[in-house]
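Participant: only geometry, no sequence info:
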C-alpha cells in the first residue's frame, strides 16, 4: 500500500465539480458534486445526535434502501438542520435537480449540507448550482482538490488523501476528502467525509468495514466536545478496478480495511489539527490499559478537557489537568501507578512517574509543547490495551470565531 496524490477523484471513474452558488459566502465556492461513471455500492455512518439534519435522514434512507448511489451533492454555509418538513422537501428537490442534470434516478443521489443550523436553503441557488456543475464534471486531481475546498466552512485548509494497494493482481484505489473545524465530537462537527473507491466489494462488507473503522478514526477526534447534527461519512465503491468482488472476509478484505483505515485516520487527524482557532494538533495515547474501552474513555476524556487544551495552547506542562481529566472519565484505574510523557518533534520527556511529578525541566517541557503537533502518553500499567485520540489546543480565536459565526 502506498499513499498517492489526490482525494475523491483518485479512484477510477469518480469525477467532481464545484461552483460558487452564493448560498452564504460571497467570495468563494460553496457547492460540490461527486459523481461516479458507474453505479456504486454505498455505505454510511451518521451522527448519533437525536437532533439530525434533514440530509442525514435522507442519506440514511438512501444508504439503507436504494439499489445503488451514483452522486453526492454538497453545500456549505447552511446546514439544513432543524428545518422541519420544508428542509426534507429540499433534500428531495436537490435529488430531483441532480437526477435531471445527470440522468440518474433520484434515489441514487445523496445530499449533504454544512453550516448554520436553523436556516432554510435557498433552493433556487442550489438548483442553479447543480445545473452549473453537471457539465463541469472532471476526474482530474485538480477538480477533486477544488471540491475539497468548496465544502469548507471555518476550515482553514482543504483535507484530502488517497492510497493504492493490490487486490487479486489489480490495483485498487481509495481516496477521500472531508471538512470539519468546529462542532467536532463525532459519535457514530459539523463533520462531513466522503470516501470513494474503485474496489469491487459487497455492500454488506463495505458497510461493516466503515462501521468498524470509524471507531478508531473519526470517533476518536474532538475539537470542542459538541457532536454535530450533520456528522456524515459516506463510502462509495464502483467496482471499476476490476478485481474479483470481495464477498467474504480474508486477505483481500483485510487489505481493503487497512487501506480504508489509513484514509480515515489521515482525514480525522487533519480535522483535529485544523480545529477552529487552534495552533496545534494534540494527540493523546493511553497505553497499558486493561481493555480497549478503558483506553478509549481515558483518552477521549483528556482530549476534551478544556483546561488541558488551554494548557497545550500555553505550552504549559500542567500535568495535573490530565490526571484530573482521567479521574472524572468514569474509567477505573490507580492514579498512583500512572506514568505520563510529553512528546513532539522536539523530543520526549517523562513528567510524572507513579502519579507523582519528576524533577523535569519546565523549559524542556515548554520546548516540546511548542511544536505544531504534540503528544501526551499516559501509561496506566494495567494491561496491554491502548487507544489514541486526537484534538487540538483551545485558543482565544475559538471563542471569537463562534461568538459571531452566524454573522
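Facilitator: Perfect, I can see it now. Not measured: the values here are computed from a predicted model. Numbers count the residues shown, from 1 in each chain.

Participant: go ahead and confirm residue 222 touches residue 182.
Facilitator: No - counting by C-beta atoms under 8 Å, residue 222 does not reach residue 182; the two are 11.2 Å apart. Every C-beta, even on glycine, is put in place using the N, C-alpha and C of the backbone.

Participant: the two: who's more crowded?
Facilitator: When neighbours are counted by other C-beta atoms under 10 Å, residue 222 and residue 182 differ, and residue 222 comes out ahead with 29 against 22.

Participant: who are the neighbours in contact with the more buried one?
Facilitator: Applying C-beta atoms under 8 Å, 6 or more residues apart in numbering, we find residue 222 in contact with 184-185, 272, 300, 303-304, 389-391.

Participant: quick one: contacts for residue 399?
Facilitator: Residues counted as contacts of residue 399 (C-beta under 8 Å, 6+ apart) are residue 277.

Participant: against residue 116, how distant is it?
Facilitator: Shown here: residue 399 relative to residue 116, a distance of 18 Å by C-beta to C-beta, to the nearest Å.

Participant: re the thing from before, highest neighbour count among the contacts of residue 222?
Facilitator: residue 391 leads the contacts of residue 222 on contacts (other C-beta under 10 Å) with 31 neighbours.

Participant: next, residue 232: phi, psi?
Facilitator: With angles defined as degrees, to the nearest 10, residue 232 shows backbone torsions of phi -150, psi 130.

Participant: who's in contact with it?
Facilitator: 44-47, 55-56, 59, 112, 191-193.

Participant: which of these fall within strands?
Facilitator: In this view, the contacts of residue 232 that belong to strands under DSSP state E are 44-46, 112, 192-193.

Participant: report the two of these separated the most.
Facilitator: Pairwise distances across those (C-beta to C-beta) peak at 12.9 Å, for the pair 45 and 112.

Participant: quick one: which of the two has more around it?
Facilitator: Per other C-beta under 10 Å, whichever of residue 45 and residue 112 has more neighbours is residue 112, with 29 against 23.

Participant: can I assume that one is in contact with residue 76?
Facilitator: No - between residue 112 and residue 76 there is no contact under C-beta under 8 Å: 9.6 Å.

Participant: where along the stretch 251-400 of the chain do the helices fall?
Facilitator: Listed in chain order, the helices of the stretch 251-400 of the chain (DSSP state H, counting those that start in this stretch) span 251-272, 292-303, 306-313, 319-327, 362-369, 396-403.

Participant: from residue 218, how far out is the nearest residue to residue 91 once chain neighbours are set aside?
Facilitator: Using C-beta to C-beta, 6 or more residues apart in numbering and skipping the chain neighbours, the partner closest in space to residue 91 is residue 58 (4.0 Å). As judged by C-beta to C-beta, residue 58 and residue 218 stand 20 Å apart.
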